[in-house]
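Undergrad: Prediction below, plus the sequence it came from.
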Amino acid sequence: MKLNKIDHIGIAVNNLDEVKSIYETVFEIEPLFVETVEDQKVKTLGYDINGTNIEFLESTDSESPVQRFIDKRGNAVHHIALQVDDLDTKLDALKQKGVRLIDEEPRIGAEGKRIAFIHPKSTGGILIELSETKIHE
Ligand code: ZN
């Protein structure tokens, strides 16, 4: 399966404002986007590091999966997103191999990208997201 590159690294944190001020001070960079993804009950803060994003996630709901993750582990890497072309075909190929998917169908993530999560049981305990290459802005 052709994987284009690491699209982004998703990091779950308690406080996005804190991260923003740290990145301003330490790296002197400004966010690419700040966006709420209702579907995943998170607010996201993204930085573009020369084509690969770092995406911080703060939960907007005390019962969300991201909040449960933070409660257990504190601020930590939550998932790695791999960029692919033609997400539908990639998902079909994974299904045929019996790979467990969290998202059988693509959904819309930050920046309006089509994404799907693979179940960590099928990827050695690490949550992997597939993110479709954006064809147009
Ligand atoms: Zn992500």
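TA: Yes, it's here.

Undergrad: Show me where the chain has its strands.
TA: With DSSP state E as the criterion, the chain has strands at 5-12, 33-37, 42-49, 52-59, 76-84, 107-108, 114-118, 128-132.

Undergrad: Output those strands in TSV; the columns should cover distance to the ion.
TA: Just so you know, the C-beta spots here come from the backbone N, C-alpha and C atoms, and that holds for glycine as well. Below are the strands of the chain laid out as TSV (distance: least, C-beta to the ion, whole Å):
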stretch	distance to the ion
strand 5-12	4
strand 33-37	9
strand 42-49	8
strand 52-59	5
strand 76-84	4
strand 107-108	11
strand 114-118	6
strand 128-132	5
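
Undergrad: In JSON lines: those, plus mean pLDDT and mean neighbour count.
TA: Conversion of these to JSON lines gives the following (pLDDT from 0 to 100; neighbours: other C-beta atoms under 10 Å):
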{"stretch": "strand 5-12", "mean pLDDT": "97", "mean neighbour count": "20"}
{"stretch": "strand 33-37", "mean pLDDT": "94", "mean neighbour count": "14"}
{"stretch": "strand 42-49", "mean pLDDT": "96", "mean neighbour count": "19"}
{"stretch": "strand 52-59", "mean pLDDT": "97", "mean neighbour count": "22"}
{"stretch": "strand 76-84", "mean pLDDT": "97", "mean neighbour count": "18"}
{"stretch": "strand 107-108", "mean pLDDT": "93", "mean neighbour count": "14"}
{"stretch": "strand 114-118", "mean pLDDT": "97", "mean neighbour count": "20"}
{"stretch": "strand 128-132", "mean pLDDT": "97", "mean neighbour count": "21"}
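
Undergrad: and of those, who's closest to Leu91?
TA: Across the strands of the chain, the minimum distance to Leu91, taken as C-beta to C-beta, is reached by strand 114-118, at 5.8 Å.
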